[in-house]
Every structure is written in C-alpha cells, then in structure tokens.
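Student: Here's my sequence, what's the structure:
(one chain, ligands or ions: 2)
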Amino acid sequence: MDDTNRGQENAHPPAIVEVRNLTKRFGAKLVLDNVSVSIEKGKTTVIIGPSGCGKTVLIKHLIVLIRPSSGQVYFEGRRIDHLSERQLSRVRTHFGYLFQEGALFDSMTVAENILFPIRQNYRVKNWHQIEDVVKAKLAIVGLDGFQNYYPARLSGGQRKRVALARAIALNPEVILYDEPTTGLDPIRSDIINELILKLERELGVTTVVVTHDMKSAYKVADRIIMLHNGKMIADGDADHIRNHPHPVVQQFINGQVGEDDLAVLRMNGSAGSAQFLPRDFEE
Ligand SMILES: Nc1ncnc2c1ncn2[C@@H]1O[C@H](COP(=O)(O)OP(=O)(O)OP(=O)(O)O)[C@@H](O)[C@H]1O
Ligand SMILES: [Mg+2]
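Tutor: Ligands and ions are numbered 1, 2, ... in the order given. Sure, this is the predicted structure:
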C-alpha cells in the first residue's frame, strides 16, 4: 500500500532534480522522514498532502533554500545540498520559483519586478533588448501592457501571473510552483493551470507543483506524489491516485475529514463553551 521509494525503483527516465533519503527536523519536530524523489526531466510532478505535511519544506529543499538534516539533493546528477550560498545562487538560475505568497515587490512596477532576477544575475548593457524581454515574458502570461502598473493595482490572479513572468525571467529549466491556484476563483485557477501546461509544452520545462487543489493536480500532472506524516504514501499517475487503496489518500482526494482530524476537534472543547458574549459576564 505504501509507495515509498517507488520512484527510485523505477528510476529509468533521467532525473533533473533528485532528493535521496531526505530527513528534515526543526528542533524536535520531524517534518520529512527519509523521503526519496527523483523529478523527471520535461514532466510535471505534483506534490499533494494536508496542510503542514511538509510540501513547502520539500520543494524548498530542491533549490536548497532549506538544508537537509540528513540526506542529499542533486541537480543534473551533481550534489548541491552542501554548496556555498554563492555556488547555490548559480544553481538557482536554472530554476524559476513561484512562492506560496506570490510575493511581488510592492514598491516596484511590474516591469521592475520581472527585471529584478535579471539585474541580480547579469550586467545589463542593452536596455532596449531588456524591454523586449520583459514584453515577451508578460505576453506569455497575457499581461503585456501592464509594465508600468504597481502590484497594488492588480487582482490576485494577475499578481500570480506577474510572479510567473518573473519566475521565467531567466529561462529556467525547472519551474517550482507552490500553491499557484490558492485563493483564486475556478476560472482564474484554470488560467494558471493552462499557463503551467503551456510553459511545459512550449518551453519544455520540468515542472513541480505543490497544491491541494485536486482539480488542478489531475489537469497538469504526469505524476502525483502524496506526503503524509513526513513520508511519501502515494506516487503515480492520476488514475493510480484516484484508485489508491490507502484510506488517507482517499480521504484527502475526496475532501473528507480523517479520524486524526476528528480526534483533534473532539479534544479542543465544545463550540458551545466558546460562544460567549459580553452579556454572559453581566450580573
Ligand atoms: N523554518 C521553520 N522553522 C520551524 N518549523 C518550520 C519551518 N518551516 C516549516 N516548519 C514546520 O514544518 C511543517 C511543514 O511546513 P510546510 O510549510 O512545509 O507545510 P505545507 O505542507 O507546505 O503546508 P500548507 O499546505 O499549509 O502550505 C509545519 O509544521 C511547519 O510549522
Ligand atoms: Mg506550503
């Protein structure tokens, strides 16, 4: 029933990024427990799992924004988890990263936001050429013309798309998306899904998506991995996940509350006792 290490046993396609026996502790808290995943080149791998199960921690390890407690991280077959920050910043130019918070710099225009990673990594000489690059990146996400807008004037969906344009500024080979559709309505979410597929198709990028939006997962994934209690409990294509025998997988994909969660709710007191009003304290 447990699919742990299944990815390794079937590791015939080339892995562009790989974690081996990854364990991560924060103090006494064990977040990732001996996880091994190899991310196949040119494919879309989706990571699902309940809130707090370690999805963001795992994806941050792929670019060593977090260092493992034990285990290794590889990019194109080269070990990267023990590199210096300076060496890592070179490795990270191969990645685009869409943060969970989608954080744009509020004090910068859309164009300046997209230019930021370019400025950080290259000495820009030809500004005309750079304008064309910004235009092209914005056109990909359907926002050419918004160059001079500040983020405050954009909707949530538009902000995510600008963040995506920024994530692809350096022509990454791998794009990491952390909850790209969270907080968006179904239509805006689907625009993001379509963009993920478009970038994979047209730029041939390798994609890793963290989500708990199953509709999005089924639409974009070649492969879905589920994390639970620090371990990988499922790993396969959409049909494999839909028909997975593990009850926790079924509860998650069907949006049902599991026994563990119910136990927590029972422990935390009755709703009645929390429903006081100031008048309850009046004489
Ligand atoms: N820098 C940190 N220091 C201490 N604990 C951390 C740190 N980062 C994450 N954690 C803990 O690790 C666990 C996993 O966090 P993570 O952000 O990976 O969850 P997640 O699966 O991405 O959840 P969500 O779906 O809500 O985004 C949580 O219990 C979190 O509190
Ligand atoms: Mg997260």
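
Student: Show me what counts as buried in stretch 14-28.
Tutor: The neighbour-count check on stretch 14-28 (16 or more other Cβ atoms under 10 Å) flags 15, 16, 17, 18, 19, 20, 22, 24 as buried. C-beta coordinates here come from the backbone N, C-alpha and C atoms, glycine included.

Student: now, which of these sits nearest residue 99?
Tutor: residue 17 (17.7 Å; Cβ to Cβ).

Student: quick check, the closest one in a strand?
Tutor: Yes. Counting by DSSP: H, G, I helix; E, B strand; the rest coil, residue 17 is part of a strand.

Student: Neighbours of the spatially closest residue to it that is not a sequence neighbour, how many?
Tutor: Counting by Cβ to Cβ, 6 or more residues apart in numbering, residue 17 lies nearest to residue 39, which is 4.3 Å off, once chain neighbours are set aside. Taking other Cβ atoms under 10 Å as the criterion, the count of residues near residue 39 is 24.

Student: what does the one 5 residues further on give?
Tutor: A total of 24 residues lie near residue 44 under the criterion other Cβ under 10 Å.

Student: which regions of the stretch 101-250 of the chain lie under the pLDDT threshold?
Tutor: Where the stretch 101-250 of the chain drops to pLDDT under 70, the residues are 102.

Student: what are the ranges of the helices in it?
Tutor: In the stretch 101-250 of the chain, the segments counted as helices under DSSP state H, counting those that start in this stretch are 110-121, 127-140, 156-167, 186-203, 214-220, 238-242, 247-253.

Student: what's near enough to touch residue 41?
Tutor: With contacts defined as Cβ atoms under 8 Å, 6 or more residues apart in numbering, residue 41 is in contact with 13, 14, 15, 16, 206.

Student: The residue nearest to the spatial centre of the chain: what's it in contact with?
Tutor: Ranked by distance to the mean C-alpha position of the chain (Cα atoms, centre = their mean), the top residue is residue 178 at 2.3 Å. With contact set as Cβ under 8 Å, 6+ apart, residue 178 has these partners: 55, 56, 59, 97, 98, 99, 100, 210.

Student: before we move on, what about residue 14?
Tutor: Applying Cβ under 8 Å, 6+ apart, the residues near residue 14 are 40, 41.

Student: before we move on, the earlier item: the residue nearest to the centre of the chain - nearest residue in space that isn't next to it in sequence?
Tutor: Distances taken as Cβ to Cβ, 6+ apart place residue 100 nearest to residue 178, at 4.1 Å, with adjacent residues excluded.

Student: The one you found: what's it in contact with?
Tutor: Residues in contact with residue 100 (Cβ under 8 Å, 6+ apart) are 56, 178, 179, 182, 210.

Student: I'd say residue 138 and residue 154 touch.
Tutor: No. Look at residue 138 against residue 154 with Cβ atoms under 8 Å: they stay out of range, at 11.9 Å.
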